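Student: pasting the sequence and the predicted model now:
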Amino acid sequence: MRREWSVAIAIGALAAALALVAPSYFSAENLRDIFLVNMPVLVAAIGTTLVILTGEIDISVGSAFAVCSVAAGVAAKAGMPTALAGLTACAVGAAAGAVNGALVAYAGIPSIVVTLAAMVALRDGLRWTTQGAWIADLPPRFQWLGVAQSTFPVVAGLASGLLVVAFAWAMRNLAAGRAVYATGSNAQAARLASIDTAFVKLAVFTAGGALTGLAALLNSVRFNQIPSNTGIGLEMKVIAAVVVGGAAITGGRGTFTGTVLGVMLLGAIGPALTFFGVSAQWERALQGAIILAAVTVDAARAGLSRTALVGA
Amino acid sequence: MAGLLLEAAHITKTFAGVHALRGVSFDLAAGEVHALVGENGAGKSTFIKIVTGAESADSGTLTVAGRAIHRMDPPTARALGVAAIYQNPALFPGLTVAENIALPLDGGRAFGRVDWRARRRNASQILKQVGAAIDPDREVGRLSMPERQLVEIAKAIGANARILIMDEPTASLTEREIGGLLEVVRRLRAAGAGVIYISHKLEEIFAVADRVTVLRDGESIATRPRGQIERGELVRLMIGRELTTMYPKRVVPLGDVALELRGVSNRTRGVRQISLTVRRGEIVGVAGLVGSGRTELAETLFGLTPPDEGDILVNGAAAAIASPAHAIRLGIGYVPEDRQRHGVIPAMSIAANTTLSNLAAVSSRGLIDRAAERRASTKYVEQLRIRTPSVLDAVEGLSGGNQQKVALARWLSIQPAVLILDEPTQGIDIAAKAEIHEIMERLAEAGVAILMISSELPELLAMADRIAVMRRGAIAGIVSRSDATPDRVMALALGHAA
């Protein structure tokens, strides 16, 4: 839990500094904007947390996000109800994830290679299919999921909050959660303990894909058109949040609390720069510094003392 | 004593207030093999770390070849000719033997350019010196464990090591390979090197050591010349209490056949035509050299690499075991050889490790009942006397013996019909070893059929009702307890008539 505390303290310190220097940061409008921008990141990060917990990585999240966004838009324009358009996005994401997962789990190809190929193939496949055209003239009932613009943050907030709580609970209390940690911690030992580690990997990639689809839906409904180049660099944002949240990139260690805090810290820092009067150009550099700080602290602590995350 | 290579006096070291070493004194002469024995946690590793400079002592003095060393660190140790060889050699598997041996030797040419011819020449020369017939051009990753160990020794000799520390060098070797290694140790001694030899295997100590120092709870209890101590006393000094017998095995009435193999083969893994039965309450030992197919047989039975020929019968019913999950459903448990990598999941808690194969027992409708899990795990911790403050602690913090007990505990929860143990006491101290044997006996009494792979002859002879000796993937012979002698088992393993 220690990493979660240090990230929480960092968020607290940032908030305190903002309260002193730029209290307008806390205006309802600004907070809502930050929330809406980062909610898709959070939803996608849930999936990436699962993938990273099994010791794998998925760098095709941004491309899959674009494909899912376009799929949702096309489905909505074809007259499907929003729920069905959302399901389409999730299904497309899950299918892409399942292909990645199957290649990793059953063909034994390293996930960085598989998802690098997927990242390029999905992105360029989409570019070729859409010829770079945006999906415009989305039906009004698609906007804001069909609820009022002011209600949407509440609905979306509840949905993503519930999702995080459900996943966090499942990881602690379901055999499936135990299997994910065991697979990432020591795949061979997990196999000998009767866990089907290949299936676990297929499952996390598939779930991650479905969550990317959901993230794409929650993002798309905020605009009246969908750019076909959306989601560029999303995978890096998501992986960064998970790593800052304390998950071990080698698998087996990490929590959803950490991921939520990681998304919050990295999401809050960019707008904060503007309020501090610093150029927003520094956002990425600062995020990089935070990631570096997080892993450096890890490296320094490694070996000093270790506690079990599972069953603790 | 003249010609002392190393003299450590009154070394004390504490970790977080706990004394790992208290006033340990130890010396090593040129041309001497000085054994260091003690249970796990007695302070052997800490002492070695101080000698090699990996840790610094809180107080005490180190003198190497007459020179007092004020600050020992790894480069200084290397420069002084101190080299340590561990159980798992620290070599580069992707490089050749010559490259591995040459790594500390390279240099001297402009821009660090490599002189390949000299490398190979040096390597063959050094290999000859330690008496190893290994082609210097072979890739280390393709060598067997004993060959790697020889390369590690050659590397140390090549770096002009005068003080060689061997930490459990024989843990993964078979009896014959151990003989070869001990021969190398004697050769090093004859060449004037000093060897600090650490082993749990007393027969090796008596075969090779000139002096023995016993560590217990961080203190040096006694140092004796080999001729002036006998086995029983040594064990007594190590554990500080009497052990009536190291390997107890009571006679248990045998039940029905729990596991039967009829002509089981696994050609890709090199397992050929194995026919064998194990009855309830019986312990069948599996002997053989490393590479004789013992672990491969175990993995075939457990469904990791299913057989391509023959029948496996569990409790009389034919079973086409296709996966570990399938094997577990049939009541087969498997404690693999390499417990750190395969036996336990180090980062997870003891509780999670013990229930991992049978989460259903502590779950209802897929939901883990964490209180029930803790209770179940606490029960095993008590039954197996696993020493830990809490079942919620990570397994990685436990000693080797206790980790092995956790690996065993996992299988108790499925109430196995058949338990396959691969080197169950490898690298663990004598007291924990006796406890593991005691657990095996209780399981046998409870009617579990046990297949025990072991490279330690005394363990096999004492614990097994019958010993199946494997050679080149097939069974060379099965000897019953009453007929089993070390000579007979070794003769079968080596393939010449006894």
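Tutor: Yep, it's here.
Student: quick one: contacts for the residue nearest to A:Ala94 when sequence neighbours are not counted?
Tutor: Of all residues not flanking A:Ala94 in the chain, A:Ala210 sits nearest, at 4.1 Å (Cβ to Cβ, 6 or more residues apart in numbering or on different chains). To be clear about C-beta, it is placed using only N, CA and C from the backbone, and glycine gets the same treatment. For A:Ala210, the contact set (Cβ atoms under 8 Å, 6 or more residues apart in numbering or on different chains) comprises A:Gly47, A:Cys90, A:Ala91, A:Gly93, A:Ala94, A:Gly97.
Student: how near is A:Ala210 to chain B?
Tutor: Here A:Ala210 is placed at a distance of 20 Å from chain B (Cβ to the nearest Cβ, to the nearest Å).
Student: so B:Leu421 is in which element?
Tutor: B:Leu421 belongs to strand B:418-422 when assigned by DSSP states H and E.
Student: name the residues of the helix or strand following that strand that are buried.
Tutor: Per DSSP H and E, the first helix or strand lying C-terminal to strand B:418-422 is helix B:430-445. Residues of helix B:430-445 classed as buried: B:430-437, B:439-441, B:443-444 (neighbour count, 16 or more other Cβ atoms under 10 Å in any protein chain shown).
Student: then stretch A:63-80?
Tutor: A:63-77, A:80.
Student: quick check, pLDDT for A:Ser111.
Tutor: Looking at A:Ser111, its pLDDT stands at 96.
Student: right, and it touches A:Ile57 too?
Tutor: Yes. With contact defined as Cβ atoms under 8 Å, A:Ser111 reaches A:Ile57; the gap is 5.2 Å.
Student: so what sits against both of the two?
Tutor: A:Val51.
Student: and stretch B:483-498, how far out from the chain middle?
Tutor: 23 Å (Cα atoms, centre = their mean, to the nearest Å).
Student: please identify which of the buried residues of stretch A:63-80 is nearest to B:Trp411.
Tutor: A:Ala64 (41.5 Å; Cβ to Cβ).
Student: wait, a helix at that closest one?
Tutor: Yes. With DSSP: H, G, I helix; E, B strand; the rest coil as the criterion, A:Ala64 is part of a helix.
Student: what's around B:Ala102, how many residues?
Tutor: 24 (other Cβ atoms under 10 Å in any protein chain shown).
Student: can you give me the helices for the stretch 101-250 of chain B?
Tutor: For the stretch 101-250 of chain B, the helices defined by DSSP state H, counting those that start in this stretch occupy B:116-129, B:145-158, B:175-190, B:202-208, B:231-239.
Student: and those: which comes nearest A:Leu163?
Tutor: helix B:145-158 (49.1 Å).
Student: show me what the closest one is in contact with.
Tutor: By Cβ under 8 Å, 6+ apart, helix B:145-158 touches B:83, B:85, B:89-91, B:97, B:100-105, B:122-123, B:126-127, B:129-130, B:132, B:134, B:140, B:143, B:164, B:169, B:172-173, B:177, B:180-181, B:184, B:188, B:193, B:290.
Student: of those residues, buried ones?
Tutor: B:83, B:85, B:89, B:91, B:97, B:100-102, B:105, B:122-123, B:126-127, B:129-130, B:132, B:134, B:140, B:143, B:164, B:169, B:172-173, B:177, B:181, B:184, B:188, B:193.
Student: just those that are near chain A?
Tutor: Filtering the buried ones among the contacts of helix B:145-158 for proximity to chain A by Cβ under 8 Å from any Cβ of the partner chain leaves nothing.
Student: per-residue confidence at A:Ala189?
Tutor: pLDDT, A:Ala189: 88.
Student: so it is in which element?
Tutor: helix A:187-192.
Student: ditto for B:His19
Tutor: Going by DSSP H and E, B:His19 is part of strand B:18-29.
Student: flag every buried residue along that strand.
Tutor: Applying 16+ other Cβ under 10 Å to strand B:18-29 flags B:His19, B:Ala20, B:Leu21, B:Arg22, B:Val24, B:Phe26, B:Asp27, B:Leu28, B:Ala29 as buried.
Student: no more questions from me, cheers.
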